[in-house]
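**Q** predicted model follows, preceded by the sequence.
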Amino acid sequence: MNNKIKTIKGFDHELKCRGMQYEIGKTYTLPECEKIKMCGNGFHAIAPDETPLRVFDYYPPCDENGNPARYCEVEVGGETDSNDEKIVGSELTVGAEIGIPCLVKAHIECVKRHLIDDDEHKSHNTGDCSSASNTGDCSSASVSGEKSVAIVTGRDSKAKGEIGCWLVLTERDEDYHILGMQCVKVDGETIKADTWYHLKDGKVQETD
């Protein structure tokens, strides 16, 4: 397959992945003598049919030292292979860097296209490096696995997690316009474990 496939790739805070340094706007090509191998050789990114927040499974918002991860739009081309979670190719072009708000927006659009609305407006996940998200009004999301992420984007929404998890909170006005978004880590001090939080008046606050 020679068509270039647009998707998203995560990097560490130095824009490195698996020890290789990347630069925005550059194209990287595997030497002809080397063959791609899933989870081995080649340039990896999340599968194009996956929800964008799947990238958190590989690069959560921050590493164990508090360094923020970085995310970019990429094009995977040349010889390619893919599974349900990842795509690997012999060519990679690194496009624009995007932040968590853009990832969440892309995730919402993906949810609208592929998922049926959950009548209970609740989401929960317990796996390590997993993510739980919800877009409904008065919705909630909770996570308990290590380095997992709970994302809520609906009006009057809330999220919680255990120590080491991350919460992405959204505040909307009465007309559903987004007023702000914040990402916080459950550290057990500033943000308590197993406690519901929402974004209100631009501040992360505890809620029922």
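**A** Cool, got the structure.
**Q** and the spatially most central residue of the chain, helix, strand or coil?
**A** For the chain, L53 is the residue whose C-alpha lies nearest the centre (CA atoms, centre = their mean; 3.0 Å). Three states are possible here, and by DSSP: H, G, I helix; E, B strand; the rest coil the one that applies to L53 is helix.
**Q** and it, how far from A150?
**A** 10 Å (CB to CB, to the nearest Å). Every C-beta, even on glycine, is put in place using the N, C-alpha and C of the backbone.
**Q** equivalent analysis for K6, please.
**A** Counting by CB to CB, the separation of K6 from A150 is 27 Å.
**Q** more crowded one of those two?
**A** A count of neighbours by other CB atoms under 10 Å puts A150 above the other of K6 and A150, at 28 against 12.
**Q** ok, what's across the strand from that one?
**A** Here A150 sits in beta bridges with A132, L167, as judged by DSSP bridges.
**Q** isn't it up against E162?
**A** No. Shown here, A150 and E162 do not form a contact pair, counting by CB atoms under 8 Å, at 10.2 Å.
**Q** where does the residue with the largest distance to the centre of the chain fall, secondary structure wise?
**A** Here the centre of the chain is the reference, and by CA atoms, centre = their mean the most remote residue is C33, at 33.6 Å. Under the assignment given by DSSP states H and E, C33 is not contained in any helix or strand.
**Q** what kind of secondary structure is Y71 in?
**A** Secondary structure state of Y71, per three-state DSSP, is strand.
**Q** what's across from it in the sheet?
**A** Beta-bridge pairing of Y71 under DSSP bridges involves G10, I98.
**Q** so what's the residue count around it?
**A** Neighbours of Y71 (other CB under 10 Å): 23.
**Q** quick check: buried residues in stretch 23-36?
**A** Neighbour-count burial for stretch 23-36 flags 30, 36 (criterion: 16 or more other CB atoms under 10 Å).
**Q** give me the residues contacting it.
**A** Outside stretch 23-36, the residues that touch it by CB atoms under 8 Å, 6 or more residues apart in numbering are 15, 22, 41-43, 72, 78-81, 88-97.
**Q** need the buried ones from these selected in ChimeraX.
**A** Those of those that meet the burial criterion (16+ other CB under 10 Å) are gathered into one ChimeraX selection, given here:
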select :15,22,42,43,72,78,80,88,89,90,91,92,93,94
